[in-house]
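1. Give me the fold of what follows.
(chains A and B)
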Amino acid sequence: MISSQQLIEQIQKNVEVPWQSQRSDGFSDGILFGSGETTVTGIVTTFTPTLEVLRKAVSSGKNVVICREAPSYSRGERAPAFWRNGPAPSKDLLDNDAVWRAKQEFISRNNLVIIRFFDNWDARKTDGQLRGLSCALGWNSFHVAPGSGEDAYDPRNVYFRLPTTSLSSFAEGIKRKLNVHGVRVIGKPEAKVSKVALTHGLLLVADAERILRELGLDVVITGDAVEWEAGPYFQDLVTAGRAKGLVLLGDEASEEPGSGEMAEWLKGFVSEVPIEWMPAGEPFWTLPQAG
Amino acid sequence: MEEMKLSRRRFCQVTGSGIVMAPLLMRAQNHSSSSLTARGVVARIKEKVGVPWRTPTADEFKIGDPDAPITGITTTFMSTLDLLQRSIAAGNNFVITHEPKFWSAADVVSDVRYDPLYNHKVNFVEKNKMVVWRFHDHWHAHRPDGIFAGWNKIMGWENYASPAVNPFSHEYVIPETSLEELARDMQTKLKTRSMRLVGDPKLRVTKLVHAGHYIQQCMQALPNVDVLIVFECREWEAAEYMRDAIASGQKKALIQLPHEGGEEAGMEECARWLRTFVTEVPIGFIPSGDPFWMPA
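-> Down below sits the predicted model:
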């Protein structure tokens, strides 16, 4: 028997960095919905707890969902920086929203516990999101890592050297390997690429500047970019001949393999209940490209 | 970015803390072609835009000498380096851009001052004696909103504005079609390459809304429409909301466009509008275009 509170304590003990729980603005790691006293029947890890993921969790007999993004379509910020995203919907708006009401009722009716585990997971010495994504791409042997073993996926070790190919073949290969539709690319399709940086989530210009200090870097891969920030920044880099391109996988595609990594990590110290990674899947589909 | 009352104050704070702009001096204009300056064009825009000029605002000179003679005007959505090169090739040294020039909402130059790419872009502008001015807040504030007037025109939707709502709310009732047909039509007309969709391709749709960039706008808009159209919306907001809406049984869909797809036509509209009161120099709309392509 393990309660959801005991599960969190187990996570805190094993995360190997001081638990930093409270953000000044936005959701913090910990229980977002449900009770710490609930007995855990099984654990699901996922990028984002969609209604579909919650239904699958319940039908497989699991009542704890550990996620990176919160279930309410927001990171909970009251005053998000620089207009990049919206503020959290007000309680009044949420209470009157049919979609949210359906989801919240499902969560309550099934006594689910939803745990956010994002900031502390990312604070570990090993970047679980990066390691998960690298493994999903099959890129372990291309990793340019100064360390090895536990240190190989230090969050700074984002560089990979692959067999030289064109940017278009490179992007097509990634799209097939990860089985996603909404991959978006900046750069000349025929540009030759070999040395790449692999990141995940939302890439900001300051992150890009730091990553690009590495010499000979052709392409940066990430989840999403603000279209008046890192988007035109990479367009300009390409025009100036300073980089070959940017590949955007989509947030879910770039982060989801990390949830698989998290499930494996949890199995290392939680043996009382079954643990399963349930990918939320990409939200989008796309039209065939016009010629 | 779309105009949004609540966030405007915050935006201005950011603008104010970023870079110090030369004060804009209002002065009488001499309408002779040889002496027309960027500052002169902006003074006329202020006269014609039909709303009081706000301070602070994002609509300021971003780089270049506003008092130097101009050779021609380019209107565009995003003043990328490639766009600046094409503007010079077209003979236009004054660029009016809707979105920022230095990769942040308020063009906070202090953050990128030591970036070699910043210097590269500045050098190009100086070498070619260019001036860049941003026209965002007041073009949205113009009635009708200049950005959406351009969008309605390029989509051919000028007559589809819903009579049930405020004429500036960007809601539409279009002849019934399927989500997939609608998306194809939009892809063609907007010349977009990176549209992404949530929902059943065969869903019959007729009521649409431009739902802005943010989740609370989507929540407010969804009950009245079949389709939300968003751009520059983070993926943990509208897309996740829409797939839960569908999972909970609602017959709805989402079209997520690149930011250009939603707003670039509004800068073509801006060129048409400028030509009605600036006649001394050529005025051209040059699309910065969808920045993305999708692999096969």
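
2. need the contact list for the residue in chain A that chain B sits nearest to.
-> Chain B sits closest to A:G86 of chain A, with a gap of 2.6 Å, by C-beta to the nearest C-beta. All C-beta spots, glycine's among them, are computed from the backbone N, C-alpha and C. By C-beta atoms under 8 Å, 6 or more residues apart in numbering or on different chains, the residues touching A:G86 are A:S74, A:P80, B:H213, B:Y214, B:I215, B:Q216, B:Q217, B:C233, B:R234, B:E237.

3. For the helix or strand encompassing A:V247, which strands pair with it and how are they oriented?
-> Element membership for A:V247 (DSSP states H and E) is strand A:245-248. Sheet pairing for strand A:245-248, assigned by DSSP bridges, gives strand A:184-187 (antiparallel), strand A:219-222 (parallel).

4. mind listing the strands for the stretch 151-296 of chain B?
-> All strands of the stretch 151-296 of chain B, identified by DSSP state E, counting those that start in this stretch, fall at B:171-178, B:196-198, B:204-210, B:227-231, B:253-257, B:283-285.

5. Go ahead and produce PDB holding the CA coordinates of whichever strand or helix holds A:C135.
-> For A:C135, the host element (DSSP H and E) is helix A:128-137. Taking Å, rounded to 0.1, in the frame of the first residue of the first chain, the C-alpha atoms of helix A:128-137 are listed here in PDB:
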ATOM      1  CA  GLY A 128      15.400  12.800 -18.700                       C
ATOM      2  CA  GLN A 129      13.600  14.600 -21.500                       C
ATOM      3  CA  LEU A 130      16.700  14.800 -23.600                       C
ATOM      4  CA  ARG A 131      17.700  11.200 -22.900                       C
ATOM      5  CA  GLY A 132      14.100  10.000 -23.800                       C
ATOM      6  CA  LEU A 133      14.000  12.000 -27.000                       C
ATOM      7  CA  SER A 134      17.500  10.900 -28.100                       C
ATOM      8  CA  CYS A 135      16.600   7.300 -27.500                       C
ATOM      9  CA  ALA A 136      13.300   7.700 -29.400                       C
ATOM     10  CA  LEU A 137      15.300   9.000 -32.300                       C
END
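
6. Quick check: what element follows that helix along the chain?
-> According to DSSP H and E, the helix or strand after helix A:128-137 is strand A:159-166.

7. Next up, phi/psi of the residue nearest the centre of chain A, please.
-> The centroid of chain A falls nearest to A:E255 when counting by C-alpha atoms, centre = their mean (2.4 Å). When read as degrees, to the nearest 10, the backbone of A:E255 gives phi -100, psi -20.

8. what's the answer for A:D224, then?
-> Torsion angles, degrees, to the nearest 10, at A:D224: phi -150, psi 160.

9. Could you report the neighbour count for it?
-> 23 (other C-beta atoms under 10 Å in any protein chain shown).

10. Ok, the one 3 residues further on next?
-> Per other C-beta under 10 Å, the neighbour tally for A:E227 reads 21.

11. how close does it sit to A:A253?
-> 18 Å (C-beta to C-beta, to the nearest Å).

12. Which residue ranges of the stretch 1-150 of chain B form strands?
-> B:61-63, B:73-76, B:94-97, B:131-134.

13. and the third one with chain A, contact?
-> No: against chain A, strand B:94-97 shows no contacts by C-beta under 8 Å from any C-beta of the partner chain, the least distance being 10.4 Å.

14. so what secondary structure elements neighbour that strand?
-> strand B:73-76, helix B:81-89, strand B:131-134, helix B:265-274 (3 or more C-beta pairs under 8 Å, 6 or more residues apart in numbering or on different chains; DSSP states H and E).

15. near chain B, which residues of the stretch 1-150 of chain A show up?
-> Residues of the stretch 1-150 of chain A lying near chain B (C-beta under 8 Å from any C-beta): A:48, A:50-52, A:55, A:69, A:73-75, A:79, A:82-90, A:93-94, A:97-100, A:102-103.

16. hang on, the earlier thing: what mean pLDDT would you report for the helix holding A:C135?
-> The pLDDT scores in helix A:128-137 average 98.

17. tell me what that helix is packed against?
-> If you count contacts as 3+ C-beta pairs under 8 Å, 6+ apart, helix A:128-137 packs onto helix A:119-122, helix A:167-178, strand A:192-198, helix A:251-267.

18. Any regions of the chain where pLDDT drops low?
-> Picked chain A for this. Along chain A, the parts satisfying pLDDT under 70 run over A:290-291.

19. that's the wrong chain, I meant chain B
-> Using pLDDT under 70, the flagged stretches of chain B are B:1-34, B:163-169.

20. repeat that with 90
-> Within chain B, the ranges that satisfy pLDDT under 90 run B:1-34, B:105-111, B:113, B:144, B:161-170, B:212.

21. Report how many residues lie close to the closest residue to chain A within it.
-> Taking C-beta to the nearest C-beta, chain A has its nearest neighbour within chain B at B:Y214, 2.6 Å off. For B:Y214, the count of nearby residues is 27 (other C-beta under 10 Å).

22. doesn't A:P87 make contact with it?
-> Yes: in this structure B:Y214 lies within contact range of A:P87 using C-beta atoms under 8 Å: 7.4 Å.

23. and the most centrally placed residue in chain B, what is it in contact with?
-> Centroid check for chain B by C-alpha atoms, centre = their mean gives B:E263 as the closest residue, at 4.1 Å. For B:E263, the contact set (C-beta under 8 Å, 6+ apart) comprises B:E2, B:F77, B:H98, B:E99, B:I147, B:W151, B:F231.

24. one more time with 6 Å
-> Contacts here follow C-beta atoms under 6 Å, 6 or more residues apart in numbering or on different chains; on that basis B:E263 touches B:F77, B:I147.

25. roughly how far apart are it and A:E227?
-> Taking C-beta to C-beta, one finds B:E263 at 10 Å from A:E227.

26. circling back to that earlier point, which stretch among the strands of the stretch 151-296 of chain B comes nearest B:P66?
-> B:P66 sits nearest to strand B:283-285 of all those, at 17.2 Å, using C-beta to C-beta.

27. neighbouring contacts of that closest one?
-> In contact with strand B:283-285 (C-beta under 6 Å, 6+ apart) are residues B:I73, B:T74, B:T75, B:A90, B:M267, B:E268, B:A271, B:L274, B:R275.

28. my read: B:E99 touches A:E227, true?
-> No: between B:E99 and A:E227 there is no contact under C-beta atoms under 6 Å: 8.3 Å.
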